[in-house]
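Participant: below: sequence and its predicted model.
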Amino acid sequence: MEELQSALKGNGLTLSNLPEKGRCLLTTRDFHPGEVIISQQPYVCVPNKSPVESRCDGCFTTSNLKKCSGCHVVWYCGSTCQKLDWKLHRLECEALSRLDKDRRKCVTPSIRLMVKLYLRRKLQSEKVIPTTATDSYNLVEALVSHMPDIDEKQLVLYAQMANLVNFILQQPDINIKEIAENFSKFACNAHTICDSELIPLGTGLYPVISIINHSCLPNSVLVFEGRLAVIRAVQHIPQGAEVLISYIDTTGSTMTRQKALKEQYLFTCTCPRCIKLGQSDDIQESAVLEGYRCKDEGCNGFLLRSSDDKGFICQQCGRVRDKEEIRKIASEVKSMSEKALMSLSSGNQLEAVSMYQTIEKLQRKLCHPFSISLMQTREKVLKEYIQGSIPCLDYNIIPVESLNGFWEIQRML
Ligand SMILES: C[S@@+](CC[C@H](N)C(=O)[O-])C[C@H]1O[C@@H](n2cnc3c(N)ncnc32)[C@H](O)[C@@H]1O
């Protein structure tokens, strides 16, 4: 770890330990808003896999792809990406080629990430790939796994996945328990690699970036430049402060954020936003962000559950909304959202957009005007319209139907 400390020193950082959080990164100088604090290439990464779209293993593009003729699992956009990946993929290709057709179908991105992790460790131990202070399997070993806190069902799943990885690798020195523990490490340390529009492209393990702890009021942000993970300051960070990013969507209410952090990262956040849990301004914030709208369309009041639990009372005008009426609309939204997701995953964008428009109308009746789910539905519709109109714009043809919908949404916003 001495080597890591001296590498971090050059970045104006130091590795430290906090009793309630474990390892953390502290600044040894001031950082200005927008400044890059640290960046790292992944130790290993894999692109997402979808039934309608494949991605290049090197740059994650979806264009001009050719399947690897050896393993028939991995795709490349051209010889540049293929050559850059060859040292590692040569071993992966051999391992995947040994599998029968059915087993190859079970090779999910998480399985591939683990296979690549062990292959990269092997290449570094054989000195085929150099090891540095920030690019070493030792850093993976130091990641938290939370093994004692994982529930039994999850442990069984990790054990099954570990068995498959072991079968693919066929390396006698690898211990199944260690592979299962590494799956647990992935769950609370791996990062989703997104493009500039925050569209998820893949998953990567960045062992130095993974030292950074969470806050719902972070002073830094993680962004990606291709596969490179970059931590930038979003405010002035004084010398001696802890570098903090957010692991989750911070627009949710305190309860929603705490639930997400507990489920995936197994800790209870005590950041300045979270310590307000249950205070009156926190209750009001959750009622606005995730609660229902007033019966009176002209009223922007937020609703709280009535003491007899039969409905919700507007805190501005006192009108009561019936619980049953709310339940009905909420269940329509839920079933419509499931159908929209299915349409999206089967590549039927037009059908999905029309469903999201119906969901948006229902949510306008159901949710507070500043509700997050309402905003998220509008964002989805808008994204689909923008993406859907691009091929038409290439030919200077914009479908009238699309434009009508687009302007309708603009007006709504
Ligand atoms: C990506 S790791 C961060 C580095 C970690 N502290 C370590 O020692 O390696 C995520 C884990 O760090 C801990 N953690 C992160 N942020 C925290 C916070 N705000 N409060 C308490 N624990 C936190 C949790 O155990 C979480 O599962």
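Facilitator: Alright, I've got the coordinates.
Participant: tell me how many other residues surround residue 265.
Facilitator: Look at residue 265: counted by other CB atoms under 10 Å, it has 18 neighbours. Placement of C-beta: from N, CA and C, glycine included.
Participant: roughly how far apart are it and residue 172?
Facilitator: 34 Å (CB to CB, to the nearest Å).
Participant: same thing with residue 165?
Facilitator: For residue 165, the distance to residue 172 - CB to CB - is 14 Å.
Participant: the two: which is more packed in?
Facilitator: Legend: neighbour count by other CB under 10 Å for residue 165 and residue 172, higher for residue 165 (25 against 6).
Participant: tell me the pLDDT of the more buried one.
Facilitator: For residue 165, the model assigns a pLDDT of 97.
Participant: likewise for residue 249?
Facilitator: pLDDT, read off for residue 249, is 93.
Participant: based on its surroundings, how many neighbours for it?
Facilitator: 12.
Participant: common neighbours of residue 165 and residue 172, please.
Facilitator: With contacts defined as CB atoms under 8 Å, 6 or more residues apart in numbering, no residue is shared by residue 165 and residue 172.
Participant: report the contact partners of residue 180.
Facilitator: 155, 158-159, 161-162.
Participant: just give the nearest non-adjacent residue to residue 12, would you?
Facilitator: In space, and not counting its chain neighbours, residue 12 is closest to residue 29: 4.1 Å by CB to CB, 6 or more residues apart in numbering.
Participant: what about the helices in the stretch 251-400 of the chain?
Facilitator: 254-265, 280-290, 323-345, 349-366, 372-394, 400-412 (DSSP state H, counting those that start in this stretch).
Participant: now the third one: buried residues?
Facilitator: Counting neighbours by 16 or more other CB atoms under 10 Å, one finds that the buried residues in helix 323-345 are 323, 326, 333, 336-337, 340, 343-344.
Participant: which other helices and strands does that helix contact?
Facilitator: In terms of contacts (3 or more CB pairs under 8 Å, 6 or more residues apart in numbering; DSSP states H and E), helix 323-345 is packed against strand 311-314, helix 349-366.
Participant: mean neighbour count for these - can I get that in TSV?
Facilitator: Converted to TSV, the helices and strands packed on helix 323-345 look like this (neighbours: other CB atoms under 10 Å):
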stretch	mean neighbour count
strand 311-314	20
helix 349-366	18
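Participant: nearest to the ligand, out of those?
Facilitator: With CB to the nearest ligand atom as the measure, helix 349-366 is the member of those nearest the ligand (31.8 Å).
Participant: which residues of this structure score low on pLDDT?
Facilitator: Filtered on pLDDT under 70, the chain yields the residue ranges 388-413.
Participant: which parts of it belong to which domain?
Facilitator: Per the record, the chain has its domains at 1-39+206-248, 42-192, by automatic domain parsing.
Participant: residues in contact with residue 109?
Facilitator: Neighbouring residues of residue 109 by CB under 8 Å, 6+ apart: 46-49, 202-203.
Participant: can you do 7 Å?
Facilitator: Taking CB atoms under 7 Å, 6 or more residues apart in numbering, we find residue 109 in contact with 46, 48-49, 203.
Participant: can you get me a residue count around residue 171?
Facilitator: There are 13 residues near residue 171, going by other CB under 10 Å.
Participant: how about the nearest residue to it, chain neighbours excluded?
Facilitator: Using CB to CB, 6+ apart, the closest residue to residue 171 is residue 118 (6.8 Å).
Participant: where does the one you found fall, phi/psi-wise?
Facilitator: Taking degrees, to the nearest 10, you get phi -70, psi -30 for the backbone angles of residue 118.
Participant: now do it against the ligand, distance only.
Facilitator: Distance of residue 118 to the ligand, given as CB to the nearest ligand atom, to the nearest Å: 21 Å.
Participant: residue 107 too?
Facilitator: 26 Å.
Participant: likewise for residue 73?
Facilitator: In terms of CB to the nearest ligand atom, residue 73 sits 29 Å off from the ligand.
Participant: where does the nearest residue to that residue once chain neighbours are set aside sit: helix, strand or coil?
Facilitator: Closest residue in space to residue 73, ignoring its immediate chain neighbours: residue 96 at 5.1 Å, by CB to CB, 6+ apart. Under the three-state scheme (DSSP: H, G, I helix; E, B strand; the rest coil), residue 96 adopts helix.
Participant: how about the residues of the protein by the ligand?
Facilitator: Residues of the chain lying close to the ligand (CB under 6 Å from any ligand atom) are 20-24, 143-144, 188-189, 210-211, 213-215, 265-267, 269.
Participant: return a PyMOL selection command for the buried portion of those residues.
Facilitator: Listed next is the PyMOL selection for buried residues among the residues of the chain next to the ligand, using 16+ other CB under 10 Å:
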select buried, resi 23+24+143+144+188+189+210+211+213+214+215+265+266+267+269
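Participant: among the residues of the chain next to the ligand, which are in helices?
Facilitator: Among the residues of the chain next to the ligand, the members found in helices (DSSP state H) are 188-189, 265.
Participant: in CSV: these, plus distance to residue 36.
Facilitator: Below are these laid out as CSV (distance: CB to CB, whole Å):
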residue, distance to residue 36
188, 25
189, 21
265, 25
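Participant: mind listing the strands for the stretch 151-300 of the chain?
Facilitator: 191-194, 200-205, 213-214, 220-225, 228-233, 244-245 (DSSP state E, counting those that start in this stretch).
Participant: out of the helices of the stretch 251-400 of the chain, which is closest to residue 197?
Facilitator: Closest approach to residue 197 among the helices of the stretch 251-400 of the chain is made by helix 372-394 (8.0 Å; CB to CB).
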